[in-house]
Every structure is written in C-alpha cells, then in structure tokens.
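Visitor: one predicted model, sequence on top.
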Amino acid sequence: MPDDFLELLASDEDELTAYPALRCSPRLSVDLLLRVARSGPDSLRKAIANRPSLRESVISALCQHAGANVISILLDRDDVTLTQAQQTKLSCRSDIVATLGLVLAGQDALNPDGLMAQYLHLPAPLKAKAIAAAEMTSLLRQAQTPGGTAEHRPDSAHLRLQSALVEEAVAQNRTHFADLLAQGLGLPQSSCDLLLQADQSDGLTIALKALGMSASQTTTILIRLFGDSIPLNSLRNLLRLHGTLSFGSANVLVGQWMLQGQADQTTGAHKPAPQHAPQFQERRRREDMPGFPSEDRSARQGASHGQGRRVSGE
C-alpha cells in the first residue's frame, strides 16, 4: 500500500479508520505520530503506544500529553525504558502520579523531586517516601549551609500571620484562611484551597509546620477545620506528624509544591518569590475580621494572591 495512502488513513477524522494504520503501519512519518501524540485523543494515542517500535521523541510526547491508560501501556512494555527526562515529565503530572504513582515508584520512574512536588496527589504508601526524601534534602542543605541547623525564630510578621490563621480557623472562615495561607507560603490559591479538603489534612499539617505554627495552634486549626470530618485517631496521627516532621523538611516540601504550582500556571499569572517573608499587614487582618466593612475586599484579595513568599527552610 502506498505510503501517502497510509498517511491519509492514519490522519482520518474517523478513529476507527485511523487506529489500524497508527497501530500497525511501520512507515508512518514521525511528524504524524508526534502530531497525534500531542493532540490525541487517547484512543489513538493507545494505537501509537502499541506500535512495534517507538522513537524517543514520540515516547516523550506521550509522557507529556497521554492519559493514564496510555502511560500504563508504555510502562508495561519490556522494550521501552523511560529516560530521566521522560520520568520527570511524568513526575510533574498530578493526574498520572495520582493514578500510577505506585507503578512508577515500583519501576524507579518517580524521582525524589517528583515525589515531593506531587505529595498532595500521592497514594498513601508513597507519602512516607516523599517525607523521607524531604528530610534527606533538608539535612543535605543544612550540611552545606553554615549555621543551617539554627532554630527557627518567627519574626513579628510571622507571629501576626500565625495569630490571624488561628482566628480565621476558629471563625471557620475558610476563604480568608486559604487566602492567608497562600500569602504566607507563596503557594497558588488553588493549592491552598486543596489543602482545606479533609483528605488533605496531612498536607495542611505540613504547611502549618512550614509556617512555624506550634503544636497547640496546629491542634486548634485542625479541630476547627476538620473536627467534624476526621476521627480522633486520625487527628492524633496528624499531631504526631507535626511533632516528628522537621521544620526544614516541611519547607522543602512546600517549596516543591510552590515550584510545581508555578509550572502549572500560565506564564505571568503569579510570581511568588523564592523565600517566605510574609507580607502580612495588620491593617488587612483587621479589615478581614468579621464585622469590618467589606467594601473593596474582593479587590484587595485579588491583589494579594501574588504577594506570598516562602520562609527559608534552613
């Protein structure tokens, strides 16, 4: 069959027509395969993933764009070994890590940075590995930084932020709590909203540790925000996590979440600075308290989302 005709079949809008050519024809151009790998749909990406042989560029395109079912095909192939760059692409994709995290880890296809960055999306068995990776990273940073083991002492801005977070949690004002959390940690608002989900209470505990919150402050916040949705034993486990997790490793994890958030955002949408130094303003806290006139509040909140900064983890 002429090559031009095979290309026409593989490019056909009808998936049933295109699938056999994409799956079986050995003479299709790399450009065509890349185009389908990038644009989809996944039904046709499956055809490409099942081809007898695959170029590295095509595998890379699938790692970046294909769904979990297609990635599973690649992982099951004995003749496909993902490169470090391809593993990194998968490690940066929350949807893939959430679905295939255990498989990726079992094949050493999930690097430590990927584990830490995707902590909020990891299956439970992998979260301990992410924390261990963060502890190791923190220790290495301390060893390389003079005075890196010095105890963290919050400044007045941090103390005001901590008090405000407790106040908003007690008032069960989740919107303002998430806004303050984003401002203090430099995380995207979407990440902070996710942290307020009951199934992400361990992530919130890590975030509070990174802000230097005490055990009593953390207990108050967790009870007020999640008391109706998590059992007492789970609360004890969260407080144990807060007590055993080092301040440095908590900041390593949050730093990876921040970098992942930056990668997920459109260019120029947010520009969080690389270090925590909360720009929390006393005036803003007073205005956000219940009973304070709320005019222009929405405008202020929108302007504040990009101002968060991270506290140094060491």
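Guide: Received the coordinates, thanks.
Visitor: the protein: strands as residue ranges?
Guide: Here the chain has its strands, by DSSP state E, at 273-276, 309-311.
Visitor: residue ranges in the stretch 51-200 of the chain under the pLDDT threshold?
Guide: 146-152 (pLDDT under 70).
Visitor: can you give me the helices for it?
Guide: With helices called from DSSP state H, counting those that start in this stretch, the stretch 51-200 of the chain shows them at 56-65, 68-76, 84-91, 94-106, 112-117, 124-144, 156-170, 174-185, 189-195.
Visitor: want to throw those into JSON lines with mean neighbour count and distance to residue 208?
Guide: C-beta coordinates here come from the backbone N, C-alpha and C atoms, glycine included. What follows is these, written out as JSON lines (neighbours: other C-beta atoms under 10 Å; distance: least, C-beta to C-beta, whole Å):
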{"stretch": "helix 56-65", "mean neighbour count": "19", "distance to residue 208": "34"}
{"stretch": "helix 68-76", "mean neighbour count": "18", "distance to residue 208": "32"}
{"stretch": "helix 84-91", "mean neighbour count": "18", "distance to residue 208": "26"}
{"stretch": "helix 94-106", "mean neighbour count": "19", "distance to residue 208": "22"}
{"stretch": "helix 112-117", "mean neighbour count": "23", "distance to residue 208": "17"}
{"stretch": "helix 124-144", "mean neighbour count": "17", "distance to residue 208": "15"}
{"stretch": "helix 156-170", "mean neighbour count": "19", "distance to residue 208": "8"}
{"stretch": "helix 174-185", "mean neighbour count": "23", "distance to residue 208": "9"}
{"stretch": "helix 189-195", "mean neighbour count": "20", "distance to residue 208": "9"}
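Visitor: pipe these into JSON lines and attach distance to residue 202 per row.
Guide: Output for these, formatted as JSON lines (distance: least, C-beta to C-beta, whole Å):
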{"stretch": "helix 56-65", "distance to residue 202": "28"}
{"stretch": "helix 68-76", "distance to residue 202": "23"}
{"stretch": "helix 84-91", "distance to residue 202": "20"}
{"stretch": "helix 94-106", "distance to residue 202": "15"}
{"stretch": "helix 112-117", "distance to residue 202": "14"}
{"stretch": "helix 124-144", "distance to residue 202": "7"}
{"stretch": "helix 156-170", "distance to residue 202": "17"}
{"stretch": "helix 174-185", "distance to residue 202": "15"}
{"stretch": "helix 189-195", "distance to residue 202": "10"}
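Visitor: of those helices, which approaches residue 47 most closely?
Guide: Judged by C-beta to C-beta, the one of the helices of the stretch 51-200 of the chain that comes nearest to residue 47 is helix 68-76, at 9.6 Å.
Visitor: who touches that closest one?
Guide: Helix 68-76 is contacted from outside by 42, 45-46, 49-50, 59, 62-63, 80, 82, 90, 95-96, 99-100, 103-104, 107, 109, using C-beta atoms under 8 Å, 6 or more residues apart in numbering.
Visitor: quick one: it to helix 56-65, angle?
Guide: Angle of helix 68-76 versus helix 56-65, following axes from the mean of the first three to the mean of the last three C-alpha atoms, to 10 degrees, is 140 degrees.
Visitor: thinking again about what came up before, quick one: closest of the helices of the stretch 51-200 of the chain to residue 254.
Guide: helix 174-185 (5.6 Å).
Visitor: now the angle between helix 156-170 and that closest one, please.
Guide: Relative orientation of helix 174-185 versus helix 156-170 (the same axes, to 10 degrees): 160 degrees.
Visitor: packing partners for helix 174-185?
Guide: Counting by 3 or more C-beta pairs under 8 Å, 6 or more residues apart in numbering; DSSP states H and E, the packing neighbours recorded for helix 174-185 are helix 156-170, helix 189-195, helix 201-210, helix 297-304.
Visitor: try it again with 6 Å
Guide: Secondary-structure packing of helix 174-185 (3 or more C-beta pairs under 6 Å, 6 or more residues apart in numbering; DSSP states H and E): helix 156-170, helix 189-195.
Visitor: pull it out as PDB, backbone CA atoms only.
Guide: Extracted C-alpha coordinates of helix 174-185, given in PDB (Å, rounded to 0.1, in the frame of the first residue of the first chain):
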ATOM      1  CA  ARG A 174     -12.100  29.000  55.100                       C
ATOM      2  CA  THR A 175     -11.900  31.600  52.400                       C
ATOM      3  CA  HIS A 176      -9.800  34.100  54.400                       C
ATOM      4  CA  PHE A 177      -7.800  31.200  55.900                       C
ATOM      5  CA  ALA A 178      -6.900  30.000  52.500                       C
ATOM      6  CA  ASP A 179      -6.000  33.500  51.400                       C
ATOM      7  CA  LEU A 180      -3.700  34.000  54.400                       C
ATOM      8  CA  LEU A 181      -2.100  30.600  53.800                       C
ATOM      9  CA  ALA A 182      -1.400  31.500  50.200                       C
ATOM     10  CA  GLN A 183       0.100  34.800  51.300                       C
ATOM     11  CA  GLY A 184       2.300  33.200  53.900                       C
ATOM     12  CA  LEU A 185       3.600  30.300  51.900                       C
END
